[in-house]
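Asker: predicted structure and sequence below. I'll ask about it afterward.
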Amino acid sequence: MSEQLAIHGGKPTVPAGTIKPWPQITDADRQAVMEVLSGQSINEQRRIQAEALSQEWATYVGRKYCIPTNSGTAALHMCIAALGIEPGDEVIVPAFTFWATAAGVLHHNAIPIFVDIDPKTFCIDAAQIEGKLSERTKAVIAVHIHGMPADMDAILAVATQHGLKVIEDAAQAHGSKYKGVPCGSIGDVAGFSTQMSKTLTTGSEGGLFVTDDEDYHKQAALLQYFGELVVPGRERQEQEYNAYGLGWMYRGDVFGQAFVRSQLKRLDTNNALRIRNCNFLTEHLSKIKGIETPYVPPQCQPVYYNYVVGVKPDEVGLSISPRIFREKVQEALTAEGIHVGQWQRRPVPAQEIFQAQIGYGQGCPWTCGHAQPVEYRQEDYPNATAFIDSHFYLFDVNPPNDLDLMKLYVEAFEKVMDNLDRLVE
């Protein structure tokens, strides 16, 4: 007789306190942050940390230029501005992503046009991009979702054929590679997030804009500080108080920049440990009927910002919907002591801002006199909808959690799936 589920009064598989949080903070990280306070001038540290982070991340990702920002959303907005995208221009965005991808487009008064996702990688389906193009399309945003590289060759082929720019949303893909090339170094521009949960983090909020183009770099820099060109820590000496264009306050925090620089030294090591954990999970969870593990194309090296699990009720002879089955499995795994859950609850174009086209008020940017009518029909994104219904995330695959914890995860999955008759009765 199989062991009783924790949700029914049995003993949880993963004891309380076993799971270690992310980010892992070391004495080196603490020392890096304290060094900001070691001198007499924090203002000078702002320049030191920003310049060093710019150089170090540009070198790591293989780009000429990097601008640290206060969020990944800011970095994506800077991508849009850098490419000269104008009000009413259209930008292709995957239907499944964090909505900040589309927000970066709206922030510049441009129009997101959504494309459904590939049902295996959950990145944008490059084969569907062409059908969404118009004379107003100026760029495509390739999101490396969950740290899985998008199909960049296919995306670049469409972009080249139609004269479009390519933006990489690499918010979740620090260290991911496509055909051996780092994500974020393939398109015209790219934006990364260094928010607390990311594989490279400030411990709070932050972002990184990168490009190889000098003009794109200059245009993006105008957004960072109210449309002016100012070196952090050199405001009094160099600031003209003359805005060259519309800008925001997108500069990053000095303490976060010190922290993320320290974390960067261990990024490859941490990624390798995360990948090892996830490869172990895939090896074992893929043997369990009713469970779907991540598909990795041969040209891709993901870093597993999230480990994605799918459910297949038909494989275990259940005539219930994937959504209901997912909810029951999630509930049971949670009781076993595992942190699981969902992230996005609907495709981005199904969110109210797009369904009602609220924008800036009175329908702008969709009805500002410079845009063509756009309709966001939920039936146009069946793969994104199906993904949300049938998939969830297994969290805490990050170091210092190791294979001992992953083994407990596998035990919990086996226990839950062995008790389906009692779980879904």
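Answerer: Yep, that arrived.

Asker: low-confidence ranges, the chain, go.
Answerer: The model of the chain has pLDDT under 70 over residues 1-2, 232-233, 236, 370-371.

Asker: and the strands in it, which stretches?
Answerer: Under the criterion DSSP state E, strands of the chain are mapped to 65-69, 90-94, 111-115, 137-143, 165-169, 177-178, 181-182, 189-193, 207-211, 291-292, 300-301, 307-311, 340-341, 391-394.

Asker: out of those, flag the one nearest E414.
Answerer: strand 291-292 (9.7 Å; Cβ to Cβ). Just so you know, the C-beta spots here come from the backbone N, C-alpha and C atoms, and that holds for glycine as well.

Asker: neighbouring strands of that closest one in the sheet, and parallel or not?
Answerer: strand 307-311 (antiparallel) (DSSP bridges).

Asker: so how far is the partner strand from its chain's centroid?
Answerer: Offset of strand 307-311 from its chain centre (Cα atoms, centre = their mean, to the nearest Å): 17 Å.

Asker: ok so, going back, looking at the strands of the chain, spot the one closest to Q4.
Answerer: Among those, the nearest to Q4 by Cβ to Cβ is strand 340-341 (19.6 Å).

Asker: packing partners for that closest one?
Answerer: On a contact count with 3 or more Cβ pairs under 8 Å, 6 or more residues apart in numbering; DSSP states H and E, strand 340-341 meets helix 322-335, strand 391-394.

Asker: E90 is nearest to which of those?
Answerer: strand 391-394 (28.8 Å).

Asker: note down every partner strand of the closest one and its orientation.
Answerer: Paired strands of strand 391-394, with direction, are strand 307-311 (antiparallel), strand 340-341 (antiparallel) (DSSP bridges).

Asker: and that strand, what's buried?
Answerer: For strand 391-394, the neighbour count (16 or more other Cβ atoms under 10 Å) marks H391, F392, Y393, L394 as buried.

Asker: picking that back up, ok, which of the strands of the chain comes nearest Q357?
Answerer: Here strand 111-115 is closest among those (Cβ to Cβ), at 9.8 Å.

Asker: report how many residues lie close to P400.
Answerer: Neighbour count for P400, taken as other Cβ atoms under 10 Å: 11.

Asker: okay but it is in contact with Q24, surely?
Answerer: Yes: under the criterion of Cβ atoms under 8 Å, P400 makes contact with Q24 at 5.3 Å.

Asker: wouldn't T202 be in contact with M196 here?
Answerer: Yes: shown here, T202 and M196 form a contact pair, counting by Cβ under 8 Å, at 7.5 Å.

Asker: residue contacts, K328?
Answerer: Neighbouring residues of K328 by Cβ atoms under 8 Å, 6 or more residues apart in numbering: L423, V424.

Asker: do the same with Q55
Answerer: By Cβ under 8 Å, 6+ apart, the contact list for Q55 reads C66.

Asker: M196 versus that one, what's the distance?
Answerer: Computed as Cβ to Cβ, to the nearest Å, the Q55 to M196 distance reads 24 Å.

Asker: for C79, same thing?
Answerer: As judged by Cβ to Cβ, C79 and M196 stand 22 Å apart.

Asker: who has more neighbours out of those two?
Answerer: For the pair C79 and M196, the greater number of neighbours falls to C79 (32 against 14), based on other Cβ under 10 Å.

Asker: now do the contacts for the more buried one.
Answerer: C79 makes contact with G104, I167, V189, A190, G191, F209, A220 under the criterion Cβ under 8 Å, 6+ apart.
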